[in-house]
Every structure is written in C-alpha cells, then in structure tokens.
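**Q** model the structure of this input:
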Amino acid sequence: MNNIILFDGECHFCDYSVQFIIKRDKRALYKFASIQSDAGKELYRKHSVPAEIDSLILVKDDKCYFKSSAVLTICKNLDGGWKLFYGLIMVPRPIRDYFYGIVAKNRYKWFGKKDSCILPSPEVRNRFL
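**A** Numbers count the residues shown, from 1 in each chain. Predicted coordinates:
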C-alpha cells in the first residue's frame with residue numbers, strides 16, 4: 001500500500017483536511033486511515049511512529065513523513081496550484097515544523113474535537129482503510 005494518510009479522526013481540522021485532499025486528489029492517489037482505527041494503529045506500530053506525533057502522517061513507499069514534510073509532500077500531488085506549496089520544502093525543517101506545531105498544538109482549541117470519526121460518503125469509502 002502506498003500513499004496512506006493517517007489523521008486524527010477526532011479532530012475537526014484534520015477531518016476538514018482529509019475532505020480538502022479528497023477534492024483535490026482526482027487521481028485518487030491517497031488512501032486514508034484515522035490514527036484511532038485498527039488500520040491506523042497497525043500502521044502507526046509498523047512504522048514505529050513516535051508517540052508525540054498525533055496529527056497528520058504520510059506513509060509513502062514504506063517511508064513516513066511527519067509534520068510539515070507530510071503536508072508539503074501531500075500538496076506536491078494535489079491538483080491545481082497546491083503543488084506550488086511543495087517549494088516550501090526548501091525552508092529548513094525546524095522552521096517549517098515550528099509553524100506546523102503551533103497549528104497542531106492548538107487544533108482542538110481552535111477547531112474543536114469530535115467524539116468519533118464521520119463515516120465517509122459511499123463515493124470515497126473505498127479510499128479509507
């Protein structure tokens with residue numbers, strides 16, 4: 001399995017991000033699993049994801065991308081001008097991750113938290129593990 005995005009299924013912002021990606025991934029390159037799901041827990045364990053990483057993770061070709069590297073690598077394959085954001089990969093990772101960390105740390109406070117994941121629509125259900 002290639003191009004799997006692990007996301008926090010309890011986070012409204014993460015859910016919105018998944019919907020955003022689906023709309024801009026016309027080639028259906030990405031599959032999704034919440035970190036709380038059995039598939040997500042298995043991938044988390046299999047790739048020895050550090051416990052403090054709990055927002056967005058990209059598993060691509062058996063390599064994990066975390067924080068800003070995950071977001072920018074995802075953008076690289078989206079339709080439209082979103083690919084241009086990949087150019088920010090040239091910014092040193094500690095700087096990128098600093099700003100990513102601000103959003104990740106405050107995502108529940110700013111966007112809220114859900115009790116459970118929403119079920120995907122029938123059209124995209126096969127993209128969820």
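
**Q** can you give me the strands in this protein?
**A** With DSSP state E, the ranges of strands along the chain come out as 4-7, 31-34, 56-60, 63-66.

**Q** which one of these lies nearest to Lys105?
**A** For Lys105, the closest of the strands of the chain is strand 56-60, at 13.2 Å, according to CB to CB. To be clear about C-beta, it is placed using only N, CA and C from the backbone, and glycine gets the same treatment.

**Q** the closest one pairs with which strands?
**A** The strands beside strand 56-60 in its sheet (DSSP bridges) come out as strand 4-7 (antiparallel), strand 63-66 (antiparallel).

**Q** about what we covered before: closest one to Ile89 among the strands of the chain?
**A** strand 63-66 (10.5 Å).

**Q** residues contacting the closest one, please?
**A** 47, 49, 53, 57-59, 73 (CB atoms under 8 Å, 6 or more residues apart in numbering).

**Q** export the strands paired with strand 56-60 as a markdown table, with columns for distance to Ile35.
**A** As requested, these are exported to a markdown table (distance: least, CB to CB, whole Å):
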| stretch | distance to Ile35 |
| --- | --- |
| strand 4-7 | 5 |
| strand 63-66 | 12 |
